[in-house]
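Trainee: Provided below are the primary sequence and the corresponding predicted coordinates.
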Amino acid sequence: MSRFAPDPAFLTTSHPVGDLGLCHVRLQDDARYPWLVLIPRLAGLREIEDLDGPDRSRLMEEAILAGQAVRAMGMALSLPVDKLNLGALGNVTAQLHLHVVGRRPGDPAWPGPVWGHSPAPALEGSPLSAALAAARLALGL
């Protein structure tokens with residue numbers, strides 16, 4: 001089996017946060033939402049069903065931890081999280097990944113999905129630094 005590497009699409013749309021036991025974690029480059037992406041660090045995965053039972057459980061535990069990190073990012077960015085959305089779409093990037101998105105009434109896409117809503121403004125400078133720091137602290141990285 002080939003070695004794990006994030007799909008190149010992730011490298012242009014997100015920032016590295018670090019690695020958990022199973023997943024590589026990235027911060028989605030969208031200033032409107034606190035948003036993390038979990039990518040299991042196993043090559044060739046496309047679907048959650050491709051993970052064995054223990055890794056499926058680990059993915060869920062890491063998603064819960066990522067939800068806590070997304071809430072911490074929301075506080076750091078003054079974008080309080082009212083609802084966590086989890087999504088494993090893969091229609092654009094087939095590599096298995098799980099989105100953990102912090103939502104709130106009145107956000108730009110509320111109550112609809114964030115995908116394809118409108119172009120994402122970049123998360124830059126001190127807000128990016130604050131979001132990364134909050135995520136890493138909450139994730140224990």
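Mentor: Nice, I can see it.

Trainee: L141 reaches V17, doesn't it?
Mentor: Yes - in this structure, L141 is within contact of V17 by C-beta atoms under 8 Å, at 6.7 Å. Placement of C-beta: from N, CA and C, glycine included.

Trainee: more crowded one of the two?
Mentor: Counted by other C-beta atoms under 10 Å, L141 and V17 do not tie: V17 has more neighbours, with 23 against 13.

Trainee: is it fair to say the more buried one lies in a helix?
Mentor: No - counting by DSSP: H, G, I helix; E, B strand; the rest coil, V17 is not found in a helix; it is strand.

Trainee: now the lowest-mean-pLDDT helix or strand in the chain: buried residues?
Mentor: Ranked by mean pLDDT, DSSP states H and E, the weakest helix or strand in the chain is helix 8-13, scoring a mean of 95. Using 16 or more other C-beta atoms under 10 Å as the test for burial, helix 8-13 gives F10, T13.

Trainee: what does stretch 76-85 give?
Mentor: A76, L77, L79, V81, L84, N85.

Trainee: filter these down to the ones in strands?
Mentor: L84, N85 (DSSP state E).

Trainee: any chance of the buried residues of stretch 76-85 in TSV, with distance to V37 too?
Mentor: Formatted as TSV, these follow (distance: C-beta to C-beta, whole Å):
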residue	distance to V37
A76	18
L77	17
L79	17
V81	16
L84	14
N85	12
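
Trainee: wait, which of the buried residues of stretch 76-85 is closest to R136?
Mentor: A76 (11.1 Å; C-beta to C-beta).

Trainee: can you pull the pLDDT of that closest one?
Mentor: Turning to A76, the model gives it a pLDDT of 98.

Trainee: how about it, nearest residue that isn't a chain neighbour?
Mentor: A134 (3.9 Å; C-beta to C-beta, 6 or more residues apart in numbering).
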